[in-house]
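In: below: sequence and its predicted model.
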Amino acid sequence: MSHKTTRAEAPQELHPMDWWLRSERMPHIWCAGCGIGPTLYAWARALDSVGIRKDKVVYVSGIGCCGRGSGYLDVDGFHTTHGRAIPFAVGIKLVKPELCVNVISGDGDLFSIGGNHFIHACRRNVDLLVICTNNFTYGMTGGQLAATTLRGDYSTTTPYGNIEYPFNTPHLADASGAVYVARWTSIHVRQLQKSIAEALRMKGLRYIEVLSPCPVNYGRRNRLREVDDIAKWFWQSFEIRNGANTSEVEIEKGKPLILGNFIKREGKLSYYEELKKLEEKVKKAA
């Protein structure tokens, strides 16, 4: 249960978004330079701007650095098993369709361990907002190779360089049927906030990839050791192409980092809406 029953109880002198935070649990555990904090800030600001009631918001997280986020936000949260955040979220949404259910997790949890769940949630168009903080590695468990690690990158399990091709996650979401697909970085906080707010106003499976620095387990193995080196790479490389073909937004070192709001499909019924239609059909046939 939330510990602040009214907004007036939130001590605004601590932080403008304290209404959404479990401030008694601060300071957080994330490393200096990590992009998870700015991502959650953008999410809280978006919730605030859309005007969603806090008691209707659910934050589902998986295992990894992002997994701790559900403990810091003052909303109902579920810290689930590794790779299973989406199935938990699907169950919540089907039982309580009036809730605003959000999955915020990392690339290892969503695409390496939980990739099958992601593509089927997109295919079914389940009414979820999925935000992936992609730091190109397993950040919390030691810096192993992930499904998003770039070719040539080093990790604890690729000490001679990665030879595998990474997922282009916006293209995967698009091809699997997501109704909203976007990509920003954690330093593009304003654009990210607006994108999340736009997604929150929609129904169906909405996916936003947030490229997130991990100076400790990714940066120090890939010549980006300083706390702001990855943020500088993002800033010096980004190019905004709203509406870009998602098959052309793969990430490669030395090439532009394509950001933007890529896909917005209107009129596609969500999985719950399809179930309600089926229910009415069965009732009429009985």
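Out: Everything's here; your move.
In: packing partners for the helix or strand harbouring residue 191?
Out: Secondary structure assignment for residue 191, by DSSP states H and E: helix 189-200. Applying 3 or more C-beta pairs under 8 Å, 6 or more residues apart in numbering; DSSP states H and E, one finds that helix 189-200 makes contact with helix 36-50, strand 129-134, strand 180-185, strand 206-211, strand 257-264. Heads up, the C-betas are built off the backbone N, CA and C, glycines and all.
In: return the set of buried residues in it.
Out: Residues 189, 191, 192, 193, 194, 195, 196, 197, 198, 199, 200 are the ones in helix 189-200 that count as buried (16 or more other C-beta atoms under 10 Å).
In: could you dump these into CSV with pLDDT added?
Out: Below are the buried residues of helix 189-200 laid out as CSV (pLDDT from 0 to 100):
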residue, pLDDT
189, 96
191, 98
192, 98
193, 98
194, 98
195, 98
196, 98
197, 98
198, 98
199, 98
200, 98
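In: so which of the residues you listed is the closest to residue 161?
Out: Using C-beta to C-beta, residue 192 comes nearest to residue 161 of these, at 30.8 Å.
In: how about the contacts made by the residue lying closest to residue 75 once chain neighbours are set aside?
Out: Closest residue in space to residue 75, ignoring its immediate chain neighbours: residue 57 at 4.3 Å, by C-beta to C-beta, 6 or more residues apart in numbering. When contacts are counted by C-beta atoms under 8 Å, 6 or more residues apart in numbering, residue 57 touches 47, 75, 76, 99, 100, 102.
In: show me the one of the helices and strands packed on helix 189-200 that comes nearest residue 85.
Out: strand 129-134 (8.5 Å).
In: what helices and strands are in contact with the closest one?
Out: Using 3+ C-beta pairs under 8 Å, 6+ apart: strand 129-134 touches helix 36-50, strand 100-106, helix 107, helix 189-200, strand 206-211.
In: kindly state which of those is positioned closest to residue 242.
Out: Taking C-beta to C-beta, helix 189-200 is the member of the helices and strands packed on strand 129-134 nearest to residue 242, at 9.9 Å.
In: surely residue 112 touches residue 147?
Out: Yes: between residue 112 and residue 147 there is a contact under C-beta atoms under 8 Å: 4.4 Å.
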